[in-house]
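Engineer: Quick one, fold the following:
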Amino acid sequence: MSSEKPFSQACENNKRPILKVLQQVLPQPGNHDSLILEIGAGTGQHAAWFASNMRWLQWQPTDQAHYLPGCRLWVEEALSAGVENLLEPKVLDVLSTNWSAWQAEAAFSANTAHIMHWPAVEAMFRGLAKCLVPGGAFCLYGPFRYHGEHTSDSNHRFDQHLRQQDPGMGIRDMDELLPLAERSGFELEAYHAMPANNRTLVWRLNS
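Structural biologist: Presented below is the predicted three-dimensional model:
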């Protein structure tokens, strides 16, 4: 295994604006036992950054098994720097995980919905409904379409690029996400405009 940490420029670019939203939405200081489940932690950059800036939360990065070695390098570096609330990365496959075995106060995922095939997006919402506490938040970051329209030309080109790579991928439309979330017991509480024509959607699990 390479000892060089993986690096995502997108994570570096968006970590600060996402943090501002998460600090408003996630459990506040004083909730030191609150577990935040990150789905699709990727390189681990977000996990290390968010845990280091919200030390009252327990941050649990997860991803498919082949991503964990790189993610673990970021986690180990953060732990060595004293970020004690960052947990060991664990395997989570949205299609095969026993979601009832997870218990979390909130969840976060970035740039996953347009990479996952639609059945996996459905499985993610259904699974989170089983493992989040009532009233728990799910913060989903990425590009989204509205009524079939992209929010920018660059998103349109990105969507075409994704679908050329794999027809199962693509920027998801809110006309599909809203009913999916509602069927799973979530309501859209807020959406935050982010740099580079992205959004952070805040879903709340019904109590």
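Engineer: CA atoms for contacts and neighbours, from now on please.
Structural biologist: Fine.
Engineer: can I assume G185 is in contact with L178?
Structural biologist: No. At 10.6 Å, G185 does not count as touching L178 under the criterion of Cα atoms under 8 Å.
Engineer: Those two - which one has more neighbours?
Structural biologist: G185 (19 against 15; other Cα atoms under 10 Å).
Engineer: so what's that one up against?
Structural biologist: G185 is in contact with 129, 205-206, counting by Cα atoms under 8 Å, 6 or more residues apart in numbering.
Engineer: Mind naming the longest helix for this structure?
Structural biologist: Determined from DSSP state H, the single longest helix within the chain is helix 9-25.
Engineer: After it, which helix or strand is next?
Structural biologist: Next helix or strand after helix 9-25 toward the C-terminus (DSSP states H and E): strand 35-39.
Engineer: Could you tell me which strands that next one is paired with, and in which direction each runs?
Structural biologist: Neighbouring strands of strand 35-39 in its sheet, by DSSP bridges, are strand 58-63 (parallel), strand 104-110 (parallel).
Engineer: now the last one against helix 9-25, angle please.
Structural biologist: To tie it back to what came earlier, the one meant is strand 104-110. With axes from the mean of the first three to the mean of the last three Cα atoms, to 10 degrees applied, the angle from strand 104-110 to helix 9-25 works out at 150 degrees.
Engineer: What residues does P179 make contact with?
Structural biologist: By Cα under 8 Å, 6+ apart, the contact list for P179 is empty.
Engineer: Mean confidence (pLDDT) on the helix or strand hosting H161, please.
Structural biologist: Using DSSP H and E, H161 sits in helix 153-165. Helix 153-165 shows a mean pLDDT of 98.
Engineer: ditto for stretch 117-132
Structural biologist: 98.
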